[in-house]
Structure formats: structure tokens, C-alpha cells
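K.L.:
got a sequence here, can you build the structure:
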Amino acid sequence: MMKADIRYTVIFIPLIPFTGCKGKVEAKPNILFVIADDQSFPHASAYGNTMISTPGFDFVASQGALFTNAYVTSPGSSPSRASILTGLYPWQLENAGTHASSFPVGYVCFPDILQKNGYQIGYTGKGWGPGDWKVSGRPYNPAGHEYNDEKLIPPYGGISKIDYAANFKKFLGKRKKKQPFYFWFGAHEPHRPYEKESWKEAGYSLDNAKSVGFLPDNDSIKSDLLDYAVEIEWFDNQLLQCIEELKRIGEFKNTIIIVTADNGMAFPRAKANCYDAGIHVPLAICWQDKFKQSQVIEALVSAVDFAPTIIEAANLKSDIPYSGKSLIPLLTSGINNSENVILAGRERHTHARYNNTGYPVRCIRWKNYLLIRNFHPERWPAGDPQELSLNNEIRKRDNGYFDIDASPAKEFLIDHQNEKEIAPFFRAAVDKRSEYELFDLKNDPDCMINLVENSSYTDVVMEMKARLTKKLISTRDSRLGENPEIWEAYPRLEGRMRNFPETD
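P.N.:
Got it, this is the predicted structure:
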């Protein structure tokens, strides 16, 4: 394992003081940040998706804004959540920019700023993670102080025993009179595993399932999608309870509520991929005292925008050079201060390859196009195909691909990979990819047709390559620097370690 070379550390921000200042938004609101675990756009009923009923999400959208083009910065939990908390891209965060590593203490998170300025802060469910924040010397999870003691009996297997709404009430009961609060409600849903065919007990039929274009349209996949929908609805019901509690104590109007997800759905070619299904997420934001109701915002927005938005909403000042822009002007007056491009990327996800290497990717969304750069196209994007046993014997064919979560959908693709109708979906999920991929999201939202070699798109490819390179250089991405493989030096501190056959 190579040693980290700190000369090439990207943006390192020391702990610095923060002082209040008079900004455009003078009220100091409460903040409820609500984040699902593995939910793709457009899986909420506010988007017209008939597979899922999400009255909580829909209510937040009706009281403020529904975003149709919201993107996270990474298709995996740890780096995506680190970006949300810091307002920086994963490649600006050292260890915190890869999965299940550490979170260097020098990167200041917006809850730290809020606490320094009088806010009560806390979280329930999943905060930042997976990873080890303690080894970094942090006094608490980067999302806040933990409130996970209140439990319940979940209706289905796979759903967390944590009573999110009850923990939120407990948190509210401990704050000082009129003290502003920030609370991170981090659901564990709809993260796998799901209780298989929980949809039957929930009263669904297979006719309720809405297929996705990057997976086969058959009963096995539909069943898995409905189990996913059941978990989203459970999470949404907990959100409704939190909203009702805010109303009961008279704090709803002065609470900014942000509801989103950390990355896309845990299905093949979605989560852990920089295709649209891996990084395009639901987003609704409301603040009844300040934001116009029933807005639909089509502008491209990024998860790095959340931290500067919250700091401006709280009427505070930060000296951090955020990579994102505050959404307050967009929400209050329709003014979009962003560059109208989206950046995202990934490094290592799970331990899925020989020698624990990752699959480095960067991508840019511009207009209706998505350009992806795969920095190591010689590697398997979903992980090496076969794992070794404890005795170093090669196990059965296609038992690997561990960057795809274990699931009925994954099993179905593997088991039926030689069937004519299924083979294209299996190959799209696991086969090696070209260095560059281009997708026209208007005509191909499922990212199944790579246009990079299509002569009709030559100018688009050149323009987007130039834009991507310029943005990565300006944000000091080490993948374009003198030490591009620094990422392989960051240790994996949580999760299973595996053994794979040696590769060339």
C-alpha cells in the first residue's frame, strides 16, 4: 500500500472562527435536514411516479419548491454525505472523499458552524457514514450529536428499529427556550436489504410497479422495485410525523426543511455508478416564512449547495471557499447564481477488486448531456467478477461484482445473463467501459446509449471534456495532479474485506 503524499492534499481547511453578519435573509430559522439512504429521482409521488405515495415529501414540495434536476456529488453514502456537510466536492476532502474511511478534522461541517453560533444540533438514524469519524479526532459524528435511543418494532425486515420521529421529539424537548435548532433526520431506508415481497403485505400488486429502463421489465425486477417502494413509504411516514411535531409546537413556519437522498437506488447500474440513476435524487425544500409555495425549479443544483444555503439562511458568515452556491436567491427570487453544470465522481466504493483498488470516475452534467470519464477503464466497474474462498480457491462464476448491492435484481441478471432479452442489461451493469461515455439525457434518461463515438456529437464531447477538465483543475482534483493514485492510500475502516484473484 502506498503512503499518502501530503504535498498533494487538495483543499484543507483549518478550524476557523465564524461571526454573524447581516445578510439578505435576516431570520434565523430552524433547520430540519432529511436524507434518505439510496433513493433515486423520480421516486416520489410529487414527480408523478405512481409506484410510490410520498405525502410527506409532497407536502414539503407544496409548501416550497420541488427540484427536478438535483444531483449529489457521488453515488455512494460516505463521500456524498461528506460533500453535503462541507459544501466541497469529494476530491477536495482527502479520506472523506472515498467510501468507509475517515473524516479529517480540518474540514469544517455546517453543523459545527451552527453550534458555534448558538444552535442546538443533533441527528437520528444514519449521520455521516459509513466510516470512522472518531479516528480523525472529531468529538461527534459530523452530522451532529446522536439521538438514537428511541426504538420501535418495524413492520418489515430490513427497516430500522430506530424511531426517527420519537428521537426528533426527544431532541426538541432538550433545547432551551427559543433556541434555534438544526436536526439531521438520516433514514436507513430504502437501503438494502429489503424484506422480500413485503409489498404483498403492504397491499401492492405487480401492476403498481413502474419499471426502469436500465433493468428488464419482468416480474422479478418489479417485485424488487415494489419492496424498494415500501421502504420509501415508511421513511416518508416518519417525515410526516416530524412535520406534525413542528406544527404542534408552533415551529413549522420558521423551519427550513430540506428533503433529499444521499445517492441513487441500490440496483445494478444505479448506486455506485455516475449514471443518472446513481446521482440524480429527489429534492424538496420549504420555509413557509420566506419561500414561495408550489415552485417547480428545473435549474441544475448540487448537494454542495446545501451548506452555503444553510449558512446564508441562518444569517451567518463562513470563510470556507465553498464549491457550491447558496440556493436562497433561487428560492426567493428565481435568481440562479450557479454555473448550471453539475460535477460528481467516485473512488473506491466497497472492497470489490484485487488489492482493494477503486474505480475512479468523474462526470459533468451540462444542458441535457452527461459526460463520464472512467480513469481506469481496464478495471471492472462493478467489481471483479469472482471472489476467492478462504482457501484461495476461485468460487463459482460471477459471485463478485460487489459494488452492486446483493439483491434479487442482481441475482436475476447473473442467473439469466445468457438469455437474449436479459444479456444487454447484465452486460451494461458489469462489463468494462470506455474511458469516456456521453449520454443525451433528454432522449436517453436511463443512460443506455453511449454517444461518445457518434460523429453527430463530436462538438458536444469536445466542449464537455474541456469543461470537465477545467472544473477539476480549478477544484484541485488530484486525479489530474501529480499524485493521481493517492486515493488508494486511504484505508477502508469499515465493512467486509475480501480476497480476489490477482489481476495483471
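K.L.:
please report phi then psi for N356.
P.N.:
With angles defined as degrees, to the nearest 10, N356 sits at phi 60, psi 30.
K.L.:
please tell me how far R498 sits from G278.
P.N.:
Using Cβ to Cβ, to the nearest Å, one gets 22 Å for the distance from R498 to G278. Every C-beta, even on glycine, is put in place using the N, C-alpha and C of the backbone.
K.L.:
which parts of the chain are helices?
P.N.:
Applying DSSP state H to the chain gives helices spanning 55-62, 77-86, 110-116, 164-173, 198-201, 219-248, 276-279, 306-313, 328-333, 408-415, 423-430, 458-474.
K.L.:
pick the most buried one from those.
P.N.:
Mean neighbour counts were compared across those using mean count of other Cβ atoms under 10 Å; the top stretch is helix 77-86, at a mean of 29.
K.L.:
okay, it in PDB with CA atoms only?
P.N.:
Output of helix 77-86 as PDB, limited to C-alpha atoms (Å, rounded to 0.1, in the frame of the first residue of the first chain):
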ATOM      1  CA  SER A  77     -23.000   7.300   1.000                       C
ATOM      2  CA  SER A  78     -19.800   8.400   2.700                       C
ATOM      3  CA  PRO A  79     -18.400  10.800   0.100                       C
ATOM      4  CA  SER A  80     -21.900  12.200  -0.800                       C
ATOM      5  CA  ARG A  81     -22.700  12.900   2.800                       C
ATOM      6  CA  ALA A  82     -19.300  14.500   3.400                       C
ATOM      7  CA  SER A  83     -20.000  16.900   0.400                       C
ATOM      8  CA  ILE A  84     -23.300  17.800   1.800                       C
ATOM      9  CA  LEU A  85     -21.800  18.600   5.200                       C
ATOM     10  CA  THR A  86     -18.800  20.600   3.900                       C
END
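K.L.:
avg pLDDT for that helix?
P.N.:
Helix 77-86 shows a mean pLDDT of 98.
K.L.:
let's check: the centremost residue of this structure is which one?
P.N.:
Nearest residue to the geometric centre of the chain (Cα atoms, centre = their mean): D262, 2.2 Å.
K.L.:
please report how far the residue lying closest to that one once chain neighbours are set aside lies from Y275.
P.N.:
Excluding the flanking residues, the one nearest D262 by Cβ to Cβ, 6 or more residues apart in numbering is S80, at 4.6 Å. Separation of S80 from Y275 (Cβ to Cβ) stands at 15 Å.
K.L.:
what confidence value was assigned to the residue lying closest to L413 once chain neighbours are set aside?
P.N.:
Leaving out its chain neighbours, the residue that sits closest to L413 by Cβ to Cβ, 6+ apart is F426, at 4.4 Å. F426 carries a pLDDT value of 98.
K.L.:
circling back: show me what contacts the residue nearest to the centre of the chain?
P.N.:
D262 makes contact with 35-38, 72, 77, 80-81, 84, 281, according to Cβ atoms under 8 Å, 6 or more residues apart in numbering.
K.L.:
residue farthest from the centroid of this protein?
P.N.:
Distance from the C-alpha centroid of the chain, by Cα atoms, centre = their mean, peaks at N391 (36.6 Å).
K.L.:
coming back round to it: please verify my assumption that the residue nearest to L413 contacts I414.
P.N.:
Yes. Using Cβ atoms under 8 Å, F426 makes contact with I414 at a distance of 7.0 Å.
K.L.:
is it true that V461 touches L371?
P.N.:
Yes. The pair V461 / L371 is scored as a contact, 7.0 Å apart, by Cβ under 8 Å.
K.L.:
who touches both of these two?
P.N.:
Listed contacts common to V461 and L371 are 436, 438, 452; contacts here mean Cβ under 8 Å, 6+ apart.
K.L.:
residues contacting the closest residue to the last one other than its chain neighbours?
P.N.:
Distances taken as Cβ to Cβ, 6+ apart put L438 closest to V452, at 4.4 Å, once the chain neighbours are dropped. Residues in contact with L438 (Cβ under 8 Å, 6+ apart) are 369-372, 450-452, 454, 457, 460-461, 464.
K.L.:
in the sheet, who's paired with L438?
P.N.:
Assessed by DSSP bridges, L438 has beta-bridge partners L371.
K.L.:
how close does it sit to I285?
P.N.:
Relative to I285, L438 is positioned 31 Å away (Cβ to Cβ).
K.L.:
and for Q288, the neighbour number?
P.N.:
Q288: 15 surrounding residues under other Cβ atoms under 10 Å.
K.L.:
and S45, how many neighbours?
P.N.:
A total of 19 residues lie near S45 under the criterion other Cβ under 10 Å.
K.L.:
quick one: residues contacting it.
P.N.:
Shown in contact with S45 (Cβ under 8 Å, 6+ apart): 52-55, 57-58.
K.L.:
show me which of those is closest to P29.
P.N.:
Distances from P29 to the contacts of S45, taken as Cβ to Cβ, are shortest for F57 (19.6 Å).
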